[in-house]
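**Student:** Predicted structure and sequence below. I'll ask about it afterward.
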Amino acid sequence: MSNLTMGPPTTRGYFGRFGGRFVPEPVVPACRELETAFTEAWADPAFRAELDHHLRHYAGRPSPVTDCRGLGAALGVRVLVKREDLNHTGSHKINNVLGQALLARRMGKRRVVAETGAGQHGVATATACALFGLECVVYMGEVDVARQRLNVERMELLGATVVPVTSGSRTLKDAVNEALRHWVAAVDDTHYCIGSVMGPHPYPWLVREFQRVIGEEARAQCADLLDGGTPTHVIACVGGGSNAAGTFAGFADTDAELIGVEAAGGAAIGSDLVGVVHGSKSMLLQDDAGQVLEAYSVSAGLDYPGIGPEHAHLSDIGRARYPSVTDGEVIEAVRVVSRTEGLIPALESAHAFAYLLREAGRAIPRGSTVLVTLSGRGDKDMEQISDLLAQRKESQ
Amino acid sequence: MTALIDSLRETGRPILIPYVTGGVTENWMDHVHAAVHAGADAVEIGIPFSDPVIDGPVIQAASVQALERGTTPDTVLRDLASYRGAVPLVVMTYYNLVHRYGHDAFARRLADVGVTGAVLADLPIEESAEWTETADASGVATVQIAAPSTPDGRLAEVCERSRGFVYAMGVMGVTGERAVLADSACAIARRAKAVTDKPVLVGVGVSTPENAATVAEHADGVIIGAPVMRRIAEGGSVRELVGRFRVALGG
């Protein structure tokens, strides 16, 4: 195994005791093909240059780091915010899908299938497919279709077919199941564009590498702001964990404390149970028999019972820790960050701020320098945010 | 270890393995016995899982129904303990249930209730060595799956690692009936037969007795899942359905 923290996984796709390739036989050859294609592409300067070109001139990278002085003064810590909300399509998801769309094209696939929770990954995938002329099918839980109507309309306008998933909990977990089923039948000409650092090898590695740009940019931007220094704490929200993995990758070799914030109703690492679903071994919410439990969160993007295997490993070796915050704390964070900084965070991203608001002066001592990844903007959540704030007012 | 393979080889006719989702109804064991009486050579018992990614709508619905009745691996295996039929039982499930149960405990429990084989849908050869070794020690055959997409070199390895028989997927896709028998069903059977002496059984997409007869010209037999589970969902006779497949496969 590689002794480099956040380096490549083992040849079988393991990060410590987590990861692997637990998928039905029909898609194993496609996973192997993807592994080879990614390994070659990632070592190919021409591929890297093309991706970089699209990240700069299409997605709008580099995204800035904002020194949030108002929030910092109120909390007694310095707050630097990595602004993934400013990317095209409004979140960090575009980084991964541009990479995967280029890979799909390189492999000669003409169709892309994806799952989506909040709709951010679906919108990003539909966008990249429109750009590169690929056919696009997005599976989305029926519950999420209802609470993220605007994103459904965006995907359809971009030419994607959105398929509401009516099985199981009708959220992200079931959207992944349906996307996998679709992939099994269409694997010849279809690439499965997984939206997070989960799934069978090589996805957790590949998605983290495509998101690494967040952490590498932030590392350099922090060094500029901090006279060559690094933050003491790096915080990101975690569902599957792609923005956190990308952010952490830039700081794994520093002294920064890495903190991934889970939703209280979907805290896979908090459950302390190892399990296997959707292609990899990781931490997983499940019952005594091993049936996967449904996650419950105010944020559709974090409504997932598992977590990327590399996060389970980082937790295992003590390099990162994974606390959780409640829906109530998240809504309060949306309000505070909007008022003090003029930034309306997505409900997912607000989990990272909620932890900071709760722990500044406690687990995060006064005088700390904290980098928070604002993974996406909150426009998509406005209806839900308004309802939740109104409910809160009534109950007060 | 050889118990399953020997009993299948003894049949001297195309092998027929119907599938029943464990716990789908209160009287689900009646369906198992009906399949045996109708001439099944073994019965495959599904242990329902919350996220059955290789199953289509019919078996998904059966899984949901079973889980809503409170079915667990233990309740299925407890019910199987009363089985006194003459043909072997094989379980089919997903790996997380085995992982949670514990390899040793699960393998021993299978052996205790008389199960002689196990198909784990999401445990390909890369991940299966540890479980297979444990299962071997308890006399439980770990059946591997070959797919139309499995390349030749890998197919030989899948067959080599498989115990009991080789489960050849007849079509690229989830379990379920198809309007037309896919060409891939006979093709995968021929490819697998070319590299192994173990019985090769085709499952997924074998929808009618006619399909079964066609496939049996190239394979050692068939596994029928969705047709049986649809019959159960519709309240029809499993014995009649399996009987028709049996006749098509030479009584």
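**Tutor:** Perfect, I can see it now.
**Student:** Within range of chain A, give me the residues from the stretch 151-251 of chain B.
**Tutor:** Contact residues (Cβ under 8 Å from any Cβ of the partner chain) of the stretch 151-251 of chain B with chain A: B:151, B:154, B:158, B:169, B:172-174. Placement of C-beta: from N, CA and C, glycine included.
**Student:** Name the nearest residue to the residue of the stretch 151-251 of chain B found nearest chain A, sequence neighbours excluded.
**Tutor:** Across the stretch 151-251 of chain B, no residue is closer to chain A than B:G173, which sits at 3.8 Å (Cβ to the nearest Cβ). Once flanking residues are discounted, B:G173 sits nearest to A:A185: 3.8 Å by Cβ to Cβ, 6 or more residues apart in numbering or on different chains.
**Student:** residues in contact with that neighbour?
**Tutor:** Residues in contact with A:A185 (Cβ atoms under 8 Å, 6 or more residues apart in numbering or on different chains) are B:172-174.
**Student:** Go again with 10 Å.
**Tutor:** A:26, B:56, B:171-174 (Cβ atoms under 10 Å, 6 or more residues apart in numbering or on different chains).
**Student:** same check, this time on A:S169
**Tutor:** A:141-143, A:175, A:292-296, A:303, A:305, B:50.
**Student:** same thing but 7 Å
**Tutor:** Shown in contact with A:S169 (Cβ atoms under 7 Å, 6 or more residues apart in numbering or on different chains): A:E294.
**Student:** Am I right that it sits in a helix?
**Tutor:** No - assessed with DSSP: H, G, I helix; E, B strand; the rest coil, A:S169 is coil; it does not lie in a helix.
**Student:** Near whatever residue of the stretch 151-300 of chain A ends up closest to chain B, how many other residues are there?
**Tutor:** For the stretch 151-300 of chain A and chain B, the shortest gap (Cβ to the nearest Cβ) falls at A:G290, measuring 3.1 Å. Other residues near A:G290 come to 25 when the count uses other Cβ atoms under 10 Å in any protein chain shown.
**Student:** circling back to that earlier point, I'd assumed A:V184 was in contact with the residue of the stretch 151-251 of chain B closest to chain A.
**Tutor:** Yes - if you go by Cβ atoms under 7 Å, B:G173 and A:V184 touch, sitting 5.8 Å apart.
**Student:** Whichever strand or helix holds B:H31 - contacts with which helices or strands?
**Tutor:** Per DSSP states H and E, B:H31 falls inside helix B:28-37. Where contact means 3 or more Cβ pairs under 7 Å, 6 or more residues apart in numbering or on different chains; DSSP states H and E, helix B:28-37 is packed against strand B:15-21, strand B:43-46, helix B:238-248.
**Student:** what's the closest of these to A:P204?
**Tutor:** strand B:43-46 (29.1 Å; Cβ to Cβ).
**Student:** In TSV, list the contacts of A:A185 along with pLDDT.
**Tutor:** Rendered in TSV, the data for the contacts of A:A185 read as follows (pLDDT from 0 to 100):
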residue	pLDDT
A:P26	97
B:G56	96
B:V171	97
B:M172	96
B:G173	95
B:V174	96
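**Student:** and which of the residues you listed is nearest to B:A3?
**Tutor:** A:P26 (28.5 Å).
**Student:** so who does the closest one touch?
**Tutor:** Contacts of A:P26 by Cβ under 7 Å, 6+ apart are A:184, A:187, B:147, B:149, B:169, B:172.
**Student:** and if you look at B:S162?
**Tutor:** B:143-144, B:198.
**Student:** and those, which of them are in strands?
**Tutor:** Members of the contacts of B:S162 lying in strands (criterion: DSSP state E): B:143-144.
**Student:** what's the domain layout of chain A?
**Tutor:** Chain A breaks down by automatic domain parsing into domains covering A:14-55+A:92-203, A:62-91+A:212-395.
**Student:** among those, which is nearest B:A216?
**Tutor:** Of the domains of chain A, nearest to B:A216 by Cβ to Cβ is domain A:14-55+A:92-203, at 22.1 Å.
**Student:** Which strand or helix spans the one residue in chain B that gets nearest to chain A?
**Tutor:** Relative to chain A, the nearest point of chain B is B:R100 (3.1 Å; Cβ to the nearest Cβ). Using DSSP H and E, B:R100 falls within helix B:95-101.
**Student:** What helices and strands are in contact with that helix?
**Tutor:** Using 3+ Cβ pairs under 7 Å, 6+ apart: helix B:95-101 touches strand A:274-277.
**Student:** Show me what the strand it packs on pairs with in its sheet, parallel or antiparallel.
**Tutor:** strand A:279-283 (antiparallel) (DSSP bridges).
**Student:** follow-up on the earlier one: give me the neighbour count for the residue of the stretch 151-251 of chain B closest to chain A.
**Tutor:** Neighbour number of B:G173 under other Cβ under 10 Å is 23.
**Student:** With that, I have no additional questions.
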